[in-house]
Each structure stands twice: as structure tokens, then as C-alpha cells.
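Asks: sequence unavailable; structure follows:
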Ligand SMILES: Nc1nc2c(ncn2[C@@H]2O[C@H](COP(=O)(O)OP(=O)(O)OP(=O)(O)O)[C@@H](O)[C@H]2O)c(=O)[nH]1
Ligand SMILES: [Mg+2]
């Protein structure tokens, strides 16, 4: 049974129409149309990448709302895992040659692997969780020179053409990039190789509850992390859309229902102990009113910050404590960015990939003229104009990221209305919009006289169409 389809937006409608036209060209092409249709109808895939132990799997558990990914101080995630909504809960290992082997699962966790880990490209998991209805999440082994083998696994399935064929690629549409301090140059280079634009990459400053001097510092670590995230966002403007601070551990605890009334009572029983004494007590095996193993559980669930600062609210019980953890974790903000901006740009990227698939067919199939007609119609459809601009943006980010044309494309793709696309305020009047569009058109014509790359040449042809359309010059579209 197929899942109910989301309402048809104009981009999907146009692509769906094109796929029907493709299917009409014969049974073999109908097979291709079906394959490409799966791309069109499945939710975007968001990959979580970052340094070893940055807190990736913890965040994945928090977003899914269940403890499904291993997280540990010592144990590293060593296989790429795709988490997709679906019932019943089950798992498959996708091998390097594309074959799939069922993998037993036990209460959400992967059981014994029936194959050698080195044969596995990634694990594909289905979970009946509405939290991942709108996007599929991909957890990856951390990037670090220490574990070259794990890093190779991440690169192999994410980077098109890295060692493997496309069969074993997870085809991610957007990335959440985790770092717990400033990202290293090699991490930024890795992201660049993944081919994501800043519009499809969200930065996360993880472990915000332990940021700076941590729980005992003079500054509140969450407020400090928030400030630092804003600084990083401006520094990484060519890499990420923005940076949000996240306390994944607090989110994991609050979103997976791990907290009990007994935990809240034990936490509240620690009230009245001075902060430094409390941290000493948490580190010790001393017997006290709250026994060591219970203290250990509290630290595992709440970290030092949560244990120290959650004691007062714990007096109101587990539900109030849980609510407090949700707010402190900042995950609601992440949720909203994921399901709005990131999902929207991921959908644009996906649409662009579908056009790419059709282009490839036009090269390889004898029906090339018919397929070319279908693709040309798509490219000139106003509903797909942002998708076309996005394709130019991707090409320009590779060819000449610092060109003003790249900036121009980024602004046009990012903003929703003619006024904001032109860099004007959202309430700019028609007259201002027309004037700005004329200016931009003149600039594009001027720029066309001295272009430096083929990618820029192609982009400028589209930009002429963009601004002529805004100006209502139908003959020039
Ligand atoms: N205090 C605190 N600890 C965290 C946070 N997120 C994760 N941790 C802890 O950091 C350790 C590593 O977390 P993981 O989620 O396994 O990290 P990872 O990035 O998946 O690690 P690899 O898969 O090995 O690269 C665990 O002990 C987590 O409990 C956080 O927001 N705050
Ligand atoms: Mg992990």
C-alpha cells in the first residue's frame, strides 16, 4: 500500500505531469518514470554530519522521539543509518553492491548483523514515528582522522562517485552540520564535497549545555552558546544558512519519555546543595540521601547543567521538568527550521535532481527528442523557475563561489517574493520593484559582456529571463 500523497504543490504537479508524459513514451520509459516518481514522492532526506562524538546520534534520537541510535561516550556509531517513517518497525542492511538483507531489530535497536560490517553501505530502518513523516533522517559515523574507517563509510554513501556507484548512495537532500566549537577546515571541506549549498545546510552548535565554562561557569552556557552561534553563523555564511545552539542530551531525555516521577523527586532532593559541592558529589561514590546510582542516572539523563539547574522545577514533578528540558534544549527552534526552510530548500534540490535524471535519459535513450521536449517544457515552466535558479546556484558554487552572480542567485532562490528577491523590504511598492528589476536587468546585461565561466554564462541567460518576467516582458521570457 502506498502512503497518502501530500497535497500537490505547483512544482510537484509540473514534475508529476512531466513523468506522466515520459511514461507515455513506452513501457521502458514508464519504468524510469516510476523510479523517478519515487524520488518525487518520498520525503527529503536530511543527513546529520559532524565530528566524532559531537552528539549526532543523541540528536537523531531526540528528533525521532525514541532511543533508536546508539549513543555513548565510548561506543562510536560505525554505520550510516537511514531512519524513515514506516510500519512495522524493521531494518535492512544495504550492501555495497545494492543488495538488501533483512536485519533483526529489538525494541528499536539493531540486533545481530547477519553480514560483515565492511560489506554494508548503510542500514535502512523503518520506524512508525510521525516525527519523521516530513523528513527522513540519516545518522553518520563521526568525522575524525582517528577512525579513518568510519569516516570512509560516511564519505562513501554520501559523496556521489566516492569509491562506489550510486546504488549504495543515500542521496541526501540537506545536511545538519554539528560542531561543538568552531568547525575545522577539513570538516567544511567535507561539506563542500557533499555538494550542499548554504541553503540546504543548517549549522548546529551542539552540547550547548556544556558550552564555554560549562554548568559551573560564571556565564549561563546556553546563553553563551547562543551568542557564539550567532558569531559562527556570520563567519560561516558561505557554508550554512544559520547556526542554532542545541542541547541534544536534554532534548533526547525530554523527547523520548525517559524521565520518571522518581527522577524528578530524586533531583529535587538534591536542592539546597551548593553548586560546587553538588558537582563533587555527582563525581563521587559517597552515600548520601540520593544514592550514587540514582545520581549517576540523573547525570546521564540531564548532564551537569540539567542536574544543577533543574532542581527547583523538579519540585513540580516530571511533566514540568520535562517541559523545562524541552525549552532549554532549543530543539523546538531546530524543528521549525527543519520543517520549514530546510525542508523547502531540500525539496527544491530534489526537484533539480529529478530534472537531472530526465536530462540523463535524454542523453542515453533513442527517444531523446521527445524527452528533450519534456525537459525543455519543465525548464521554462514558471512554477519551476526557482528550481532552475537553484541549479545555476549549485553550478556557480563549484565554478566561482565568490562571483557576484553567485550572490545574486542565492538571494533569488532564498527569498519568496519579488520584493525580497530584489533585496527590497517585503512591503516595497510596485514602482520600487519595477525600478529595482530594471536595475538588475541592466546589471545582468553588463555582466554578460565579460563573463568568466560557462556556468556564469548559463546563469546570466536565466537571470535575463528572471528579471524580464518580473518586468512583465513576456516576449523576453
Ligand atoms: N552534556 C551533553 N552531552 C551530550 C550532548 N549530546 C550528546 N552528549 C553526550 O556525548 C556523547 C556522545 O554522543 P553521541 O550522540 O553518541 O555522539 P555522536 O556524534 O553520535 O558520536 P559518533 O557517532 O561516535 O561520532 C554521549 O555520551 C552523549 O550523552 C549534549 O547536548 N549535552
Ligand atoms: Mg553516533
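Replies: Structure received. Here the structure is a predicted model, which is why all the values come from computation and not from measurement. Ligands and ions are numbered 1, 2, ... in the order given.
Asks: going forward, measure contacts and count neighbours with C-alpha atoms only.
Replies: Noted.
Asks: could you chop the protein up by domain?
Replies: For the chain, automatic domain parsing gives the domain ranges 10-39+342-476, 55-176, 254-329.
Asks: figure out which of the ones you listed is closest to ligand 2.
Replies: For ligand 2, the closest of these is domain 55-176, at 4.0 Å, according to CA to the ion.
Asks: picking up where we left off before, could you say which of the domains of the chain is packed most deeply?
Replies: Highest mean neighbour count among the domains of the chain (mean count of other CA atoms under 10 Å): domain 55-176, with a mean of 19.
Asks: before we move on, the earlier item: can you flag the weakest of the domains of the chain by average pLDDT?
Replies: For the domains of the chain, the stretch scoring lowest in mean pLDDT is domain 55-176; its value is a mean of 80.
Asks: what's the first-to-last distance across that domain?
Replies: Domain 55-176 has an end-to-end distance of 12 Å (criterion: CA to CA, to the nearest Å).
Asks: for residue 272, see how far away residue 392 is.
Replies: Here residue 392 is placed at a distance of 60 Å from residue 272 (CA to CA).
Asks: actually residue 29, sorry about that
Replies: 72 Å.
Asks: gap between stretch 394-412 and the chain center?
Replies: 21 Å (CA atoms, centre = their mean, to the nearest Å).
Asks: hmm, who's touching it?
Replies: Residues from elsewhere that reach stretch 394-412, judged by CA atoms under 8 Å, 6 or more residues apart in numbering: 195-197, 386, 389-390, 392-393, 421-423, 453, 455-456, 459-460.
Asks: quick check, residue 141 in a strand?
Replies: No: using DSSP: H, G, I helix; E, B strand; the rest coil, the secondary structure at residue 141 is coil, not a strand.
Asks: for it, phi and psi?
Replies: phi -70, psi 150 (degrees, to the nearest 10).
Asks: touching, it and residue 153? I think so.
Replies: Yes: with contact defined as CA atoms under 8 Å, residue 141 counts as touching residue 153 (7.4 Å).
Asks: which residues do those two both contact?
Replies: Joint contacts of residue 141 and residue 153 (CA under 8 Å, 6+ apart) are 78-80.
Asks: out of those, who's nearest residue 312?
Replies: Nearest to residue 312 among the shared contacts of residue 141 and residue 153 is residue 78, at 39.0 Å by CA to CA.
Asks: how many other residues sit next to the residue of the stretch 251-400 of the chain found nearest ligand 2?
Replies: Ligand 2 sits closest to residue 252 of the stretch 251-400 of the chain, with a gap of 13.2 Å, by CA to the ion. Neighbours of residue 252 under the rule other CA atoms under 10 Å: 28.
Asks: state the pLDDT value of it.
Replies: 95.
Asks: phi, psi of it?
Replies: Phi and psi for residue 252, reported as degrees, to the nearest 10, are phi -60, psi -50.
Asks: how about the contacts made by it?
Replies: So residue 252 contacts 58-59, 61-63, 65, 67 (CA under 8 Å, 6+ apart).
Asks: could you do residue 451 as well?
Replies: Going by CA under 8 Å, 6+ apart, the list of residues near residue 451 reads residue 457.
Asks: three-state assignment of it?
Replies: Classified using three-state DSSP, residue 451 is coil.
Asks: just use 51 as the starting number from now, easier for me
Replies: With 51 as the first residue, the last one maps to residue 501.
Asks: separation between it and residue 507?
Replies: Distance from residue 501 to residue 507, by CA to CA: 6 Å.
Asks: and what of residue 316?
Replies: 66 Å.
Asks: can you check residue 136 too?
Replies: 45 Å.
Asks: quick one: the strands in the protein, in order.
Replies: 95-100, 131-135, 140-145, 150-153, 155-156, 159-160, 170-177, 186-189, 224-229, 251-255, 293-295 (DSSP state E).
Asks: returning to what we had before: save the domains of the chain as a markdown table, and put in distance to ligand 1 too.
Replies: A markdown table is the format used below for the domains of the chain (distance: least, CA to the nearest ligand atom, whole Å):
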| stretch | distance to ligand 1 |
| --- | --- |
| domain 60-89+392-526 | 21 |
| domain 105-226 | 3 |
| domain 304-379 | 5 |
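Asks: now those as TSV including distance to ligand 2?
Replies: TSV is the format used below for the domains of the chain (distance: least, CA to the ion, whole Å):
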stretch	distance to ligand 2
domain 60-89+392-526	22
domain 105-226	4
domain 304-379	16
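Asks: redo those domains as a markdown table? Include distance to residue 251.
Replies: As requested, the domains of the chain are exported to a markdown table (distance: least, CA to CA, whole Å):
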| stretch | distance to residue 251 |
| --- | --- |
| domain 60-89+392-526 | 7 |
| domain 105-226 | 5 |
| domain 304-379 | 20 |
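Asks: among those domains, which is nearest residue 284?
Replies: That would be domain 60-89+392-526 among these, by CA to CA, at 15.1 Å.
Asks: check the offset of that closest one from the chain's centre.
Replies: Distance, centroid of domain 60-89+392-526 to centroid of chain: 22 Å (CA atoms, centre = their mean).
Asks: kindly report the same for stretch 112-128.
Replies: A distance of 17 Å separates the C-alpha centroid of stretch 112-128 from that of its chain, computed with CA atoms, centre = their mean.
Asks: same check on stretch 297-309?
Replies: With CA atoms, centre = their mean, you get 20 Å for stretch 297-309.
Asks: please apply the same query to stretch 331-338.
Replies: Counting by CA atoms, centre = their mean, stretch 331-338 comes out at 40 Å from the chain centroid.
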